[in-house]
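**Q** Fold the following, please.
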Amino acid sequence: MANDDHPDSVGGKIATAITLGVVGLAAVASIASAALAVVVARSVVTPPRTREEDIRILGSTETSVTLSRTLDSLTPGQYSLWFDQDRGHARLGEIISMDVASVTRELIAVDFGDLSTAARGRFSGWFYLGPTELGFDYTDVHIGTALGDAPAWLIPAEEESGRWVIQVHGRAVRRQETLRAVPVFRAAGYTSLLVSYRNDGDAPRSADNRYGLGDSEWSDIDAAIDYAAENGATEIVLMGWSMGGATVLQAASRTAHPELITGIVLDSPVVDWVGVLEFQGTSMRIPRPIRMVALEVISRKWGSRLTGQAEPINLARLDWVARSADLDLPILLLHSADDGYVPADGSKALAAARPDIITYDEFTTARHTKLWNFDSPRWNEAISRWLRVLPSVHTGRSARRSSTN
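**A** Numbering: from 1, shown residues only. Down below sits the predicted model:
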């Protein structure tokens, strides 16, 4: 019979207990890491209910507003200020003054809400709240998608030319984001179709109410291409902002009407989701192993049970840096070097891989999807200049493909 009081026996029990404790702690840590990875994965594919108000509103007058110093509030240009959990909206102009703790900016207008009582807000690249503010005729139309009718704004060209642009907004915003582009395209003779797509708050929701990061939303844009074709479009430019960039690249490569697409304009686009999610995860100090597991969760069938996705996301199909050889359309790519949300690295790499078809115009200071806000004359001229040469650059997809076969 063993003597439990023997020092070797006691030491063995202690060693066993320590071993079990270490294993237990490792198991707990592993479970915690897995749970965090699932939380990260769900946040990527789930439409947010609220937006963070990261700017303190320190005071206002009839002509100015004073804000805390942030990268957004310190950026020159004209912007929207949403406040009171989006129950208020104001438009801000240039910086009037600043000190070590605050920035005072021109107050252009308060569209709704009480700015005088607001404590916090957030900047947005939205500047126009609706098409009426542009002063052009427009029509509310509906695009028949697989999920039902999706609302859109149709703003016709001054004279019908058959040239259309389909504007596709980014993640967690709505089609108002794209209103800034209407004047420059209309001046070039384009009819503008500003669309909504699944799970954006305007269009019908999918059964899972999850983002596909462009891998599912593209079919709603293809429905918009169908609509344009049925209503007189003979040449279509697709323009995508942020995640809308990923979406229009998918639409251009998978559409039933490839012969109609003449070019693509991208503003602060996602051209490689893995690179973007890595950047954001690093910025949030999420350990790399957890980031890698989160990517696996959203891209594997088994992960759907954890995130609520109906289908996994094909991240390889969304990597246009790796797929650069598959592109065959002229592209204007606009990005700010200090984007802060979608790094410009992917855009730079894509432009370097395909200088034959990509015109790359890099801004600085402008941040994410706010290039127009920061320097609208330069932004408008970049698009105008590209559109002017587009007809002579585009030789037709069938001709381009046949020459490579």
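
**Q** which stretches of this structure form helices?
**A** All helices of the chain, identified by DSSP state H, fall at 7-45, 182-187, 218-230, 243-254, 273-283, 288-299, 304-307, 345-353, 371-374, 376-393, 397-404.

**Q** Could I get the buried residue list for the fifth one?
**A** Right, helix 273-283. For helix 273-283, the neighbour count (16 or more other C-beta atoms under 10 Å) marks Trp273, Val274, Gly275, Val276, Leu277, Glu278, Phe279, Gln280, Gly281 as buried. Placement of C-beta: from N, CA and C, glycine included.

**Q** How about the third one?
**A** By 16+ other C-beta under 10 Å, the buried positions in helix 218-230 come out as Trp218, Ser219, Asp220, Ile221, Asp222, Ala223, Ala224, Ile225, Asp226, Tyr227, Ala228, Ala229.

**Q** quick check: domain ranges of the chain?
**A** As assigned by automatic domain parsing, the chain contains the domains 55-124, 131-272+318-404.

**Q** hang on, the earlier thing: burial-wise, tell me which of the helices of the chain comes out on top.
**A** Most buried of these, by mean neighbour count (mean count of other C-beta atoms under 10 Å): helix 243-254, with a mean of 26.

**Q** Now that one - C-alpha only, CSV.
**A** This file holds the C-alpha atoms of helix 243-254, laid out as CSV (Å, rounded to 0.1, in the frame of the first residue of the first chain):
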residue,chain,number,x,y,z
MET,A,243,-16.8,47.8,-49.5
GLY,A,244,-18.7,49.1,-52.5
GLY,A,245,-15.4,48.8,-54.4
ALA,A,246,-15.2,45.1,-53.6
THR,A,247,-18.8,44.8,-54.6
VAL,A,248,-18.5,46.4,-58.1
LEU,A,249,-15.3,44.4,-58.9
GLN,A,250,-17.3,41.3,-58.3
ALA,A,251,-20.2,42.6,-60.3
ALA,A,252,-18.0,43.6,-63.2
SER,A,253,-16.4,40.1,-63.3
ARG,A,254,-19.6,38.1,-62.8
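
**Q** start at 31 instead
**A** Sure thing, new numbering starts at 31, so read that last one as helix 273-284.

**Q** Let me see the mean pLDDT of it.
**A** Across helix 273-284, the average pLDDT comes to 98.

**Q** residues in contact with it?
**A** Contacts to helix 273-284, defined as C-beta atoms under 8 Å, 6 or more residues apart in numbering, come from residues 196-201, 208, 227, 241, 243-245, 247-248, 251-252, 255, 268-270, 288, 291, 294, 296-301, 303, 347-348, 350, 356-357, 359.

**Q** Now distance to Arg86 too, for the helices of the chain, in JSON lines please.
**A** Below are those laid out as JSON lines (distance: least, C-beta to C-beta, whole Å):
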{"stretch": "helix 37-75", "distance to Arg86": "25"}
{"stretch": "helix 212-217", "distance to Arg86": "33"}
{"stretch": "helix 248-260", "distance to Arg86": "38"}
{"stretch": "helix 273-284", "distance to Arg86": "29"}
{"stretch": "helix 303-313", "distance to Arg86": "21"}
{"stretch": "helix 318-329", "distance to Arg86": "31"}
{"stretch": "helix 334-337", "distance to Arg86": "34"}
{"stretch": "helix 375-383", "distance to Arg86": "32"}
{"stretch": "helix 401-404", "distance to Arg86": "21"}
{"stretch": "helix 406-423", "distance to Arg86": "27"}
{"stretch": "helix 427-434", "distance to Arg86": "51"}
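
**Q** Which one of those helices lies nearest to Ser146?
**A** helix 401-404 (24.4 Å; C-beta to C-beta).

**Q** From the contact counts, what lies against the closest one?
**A** The contact analysis (3 or more C-beta pairs under 8 Å, 6 or more residues apart in numbering; DSSP states H and E) places helix 401-404 against strand 361-366, helix 406-423.

**Q** do you know which of the ones you listed lies nearest Ala340?
**A** If we rank those by C-beta to C-beta, the stretch that ends up nearest is strand 361-366, at 30.5 Å.

**Q** Partner strands of the closest one and their direction?
**A** strand 291-297 (parallel), strand 388-393 (parallel) (DSSP bridges).

**Q** Just name the most buried of the domains of the chain.
**A** Among those, highest average neighbours (mean count of other C-beta under 10 Å) belong to domain 161-302+348-434, with a mean of 20.

**Q** Worst mean pLDDT across the helices and strands of the chain, which element?
**A** Taking mean pLDDT, DSSP states H and E as the measure, helix 427-434 is the helix or strand of the chain with the lowest mean score, a mean of 45.

**Q** rewinding a little: ranking the helices of the chain by mean pLDDT, which is last?
**A** helix 427-434 (a mean of 45).

**Q** mind checking which of the domains of the chain is nearest Pro77?
**A** Once the domains of the chain are compared by C-beta to C-beta, domain 161-302+348-434 is nearest, at 5.2 Å.
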